[in-house]
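Trainee: Quick one, what's the 3D model for this:
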Amino acid sequence: MASSSNDPFSDERFDDLFDQTMDHLFDTLSEIQAPPKPKKKRAFIERERELGHQQLWNDYFSEDCTYPLHVFRRRFRMNKPLFMHIVDRLSEEVSYFKQKRDAAGRFGLSALQKCTAAIRIMAYGSAADAGVINVFGDEYLRRPTADDLQRLLDVGQSRGFSGIIGSIDCMHWEWKNCPTAWRGQYTRGSEKPTIVLKVVTSYDLWFWHAFFGPPGTLNGINVLDRSPVFDDIFKGRAPKVTYWVNGHQYDLAYYLTNGIYPDWATFIQSIPLTQSEKARLFATTQESVRKDIERAFGVLQPRFAIVKKPGSILG
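Mentor: Okay, the predicted model is just below:
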């Protein structure tokens, strides 16, 4: 009988062949593997915050500052010691006004720079968004024109809803500093006081109507009764629209809503209890298209943090 050392199928021989095969396979895969992608570095932009702080200090706060005391008082409506007292308190107690370091370890804007910008706005009595309103108000803060309505009707028809010009809904904005005497009319149950924002938006996230200020105890119907969204229609100033559905002509556009709104000709709601395939298709399509307004609220709050944080207006 031959010895096991000469057996081509012995365990040792098999282990050697297996190791050689795996080594060859590993080398082959290593050669054909794509090289690692180089790490992208973030672009560095020199903002010269330190230089800006030093220039501000030299202009108003150093011993031999550029602008004298009477100019400082005229521009900031207060004397310099009071100004510095405000800066010190805010930098100690309010997180936003504290000077912080970025990811690279560099200091951001100083408390003096932040307070100077805020107090200048207060001193000159103009809202922070006044410039935006003056420049872009005519383009974005306006009623829809006849061309706008026709475009909305065309897009609505392509989505399966002839005559739709948008969706209508409301959201609640927490009012942090609500006066105690008003908490009852702005609070629902055990919740915090809120203010209602009712809007009309279209597929492109354009806010065609915004009604802000009703107390949080109101629901969608109560806010609708106070909203001027239909004033142009009542007064005959709304642009005329015409569209056809199943061979019938209609002259009144409509909005998509949820189930809380009344059964008006200008509101198209979903079907809560569908009993047929046709009804299920309509409900699914209506709820899908009405997501435009939910998407608008979802985009508005992350991009403009003031909307998702407690409001302190009138507080």
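Trainee: only C-alpha atoms for contact and neighbour calcs from this point on.
Mentor: Noted.
Trainee: Flag every buried residue along the helix or strand where D225 lies.
Mentor: If you go by DSSP states H and E, D225 is part of helix 220-226. Burial within helix 220-226, assessed by neighbour count using 16 or more other Cα atoms under 10 Å, is assigned to 220, 223-224.
Trainee: which residues touch stretch 93-111?
Mentor: 49-50, 53, 87, 90-92, 114-115 (Cα atoms under 8 Å, 6 or more residues apart in numbering).
Trainee: tell me which of the residues you listed is nearest to D15?
Mentor: R49 (66.7 Å; Cα to Cα).
Trainee: Specify the local secondary structure of the closest residue to the closest one other than its chain neighbours.
Mentor: Leaving out its chain neighbours, the residue that sits closest to R49 by Cα to Cα, 6 or more residues apart in numbering is L109, at 6.0 Å. Here L109 is coil, with the state taken from DSSP: H, G, I helix; E, B strand; the rest coil.
Trainee: count of neighbours near L109?
Mentor: 19 (other Cα atoms under 10 Å).
Trainee: For A117, see how far away it is.
Mentor: Separation of L109 from A117 (Cα to Cα, to the nearest Å) stands at 11 Å.
Trainee: The nearest residue to P68 once chain neighbours are set aside: neighbouring residues, count only.
Mentor: Nearest residue to P68, sequence neighbours excluded (Cα to Cα, 6+ apart): Y60, at 7.6 Å. Number of residues near Y60 (other Cα under 10 Å) recorded here: 17.
Trainee: Equivalent analysis for L17, please.
Mentor: L17, neighbours per other Cα under 10 Å, totals 12.
Trainee: Could I get the pLDDT score of it?
Mentor: pLDDT for L17: 72.
Trainee: Which of the helices or strands spans it?
Mentor: Per DSSP H and E, L17 falls inside helix 11-32.
Trainee: next one: G52
Mentor: Using DSSP H and E, G52 sits in helix 49-60.
Trainee: Then M171?
Mentor: strand 164-174.
Trainee: which strands and helices sit next to that strand?
Mentor: Here strand 164-174 touches helix 146-158, strand 194-201, strand 254-256, helix 291-303, going by 3 or more Cα pairs under 8 Å, 6 or more residues apart in numbering; DSSP states H and E.
Trainee: May I see the ones you listed organised as CSV, with mean neighbour count, distance to E277 and mean pLDDT added?
Mentor: What follows is these, written out as CSV (neighbours: other Cα atoms under 10 Å; distance: least, Cα to Cα, whole Å; pLDDT from 0 to 100):
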stretch, mean neighbour count, distance to E277, mean pLDDT
helix 146-158, 16, 21, 90
strand 194-201, 22, 29, 90
strand 254-256, 22, 21, 93
helix 291-303, 16, 21, 87
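Trainee: Looking at the ones you listed, which is nearest to V241?
Mentor: helix 146-158 (7.4 Å).
Trainee: so what does the closest one touch, helix or strand wise?
Mentor: Using 3+ Cα pairs under 8 Å, 6+ apart: helix 146-158 touches strand 164-174.
Trainee: where in this protein is pLDDT low?
Mentor: 1-11, 14, 18, 26, 29-36, 128, 307-315 (pLDDT under 70).
Trainee: mind redoing it with 50?
Mentor: 1-4, 313-315 (pLDDT under 50).
Trainee: okay, now the domains of it?
Mentor: What automatic domain parsing lists as the domains of the chain is 49-125, 142-307.
Trainee: Spatially nearest residue to N58, not counting backbone neighbours?
Mentor: C65 (5.2 Å).
Trainee: Quick check: that neighbour vs G216, distance?
Mentor: 50 Å.
Trainee: neighbour-wise, which of those two wins?
Mentor: Neighbour comparison, C65 and G216: the larger count goes to G216, with 25 against 14 (by other Cα under 10 Å).
Trainee: Just to check, the more buried one is in contact with Y186?
Mentor: Yes. Contact criterion Cα atoms under 8 Å: G216 and Y186 qualify, at 4.5 Å.
Trainee: Spell out which residues are contacts of both of these two.
Mentor: By Cα under 8 Å, 6+ apart, the residues touching both G216 and Y186 are 193-195.
Trainee: now, which of those sits nearest R159?
Mentor: Using Cα to Cα, the shared contacts of G216 and Y186 come closest to R159 at I195, 33.1 Å.
Trainee: hmm, back to that, tabulate the contacts of stretch 93-111 in TSV, adding columns for distance to D23.
Mentor: Listed next are the contacts of stretch 93-111 as TSV, based on distance: Cα to Cα, whole Å:
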residue	distance to D23
R49	57
E50	58
H53	63
V87	68
L90	66
S91	63
E92	64
K114	63
C115	66
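Trainee: export the helix holding D225 as PDB, just CAs?
Mentor: What follows is helix 220-226, C-alpha atoms only, in PDB (Å, rounded to 0.1, in the frame of the first residue of the first chain):
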ATOM      1  CA  GLY A 220     -59.100  75.600   9.800                       C
ATOM      2  CA  ILE A 221     -62.800  76.700   9.300                       C
ATOM      3  CA  ASN A 222     -62.600  79.500  11.800                       C
ATOM      4  CA  VAL A 223     -59.400  80.800  10.200                       C
ATOM      5  CA  LEU A 224     -60.900  80.500   6.800                       C
ATOM      6  CA  ASP A 225     -63.800  82.800   7.900                       C
ATOM      7  CA  ARG A 226     -61.400  85.500   8.800                       C
END
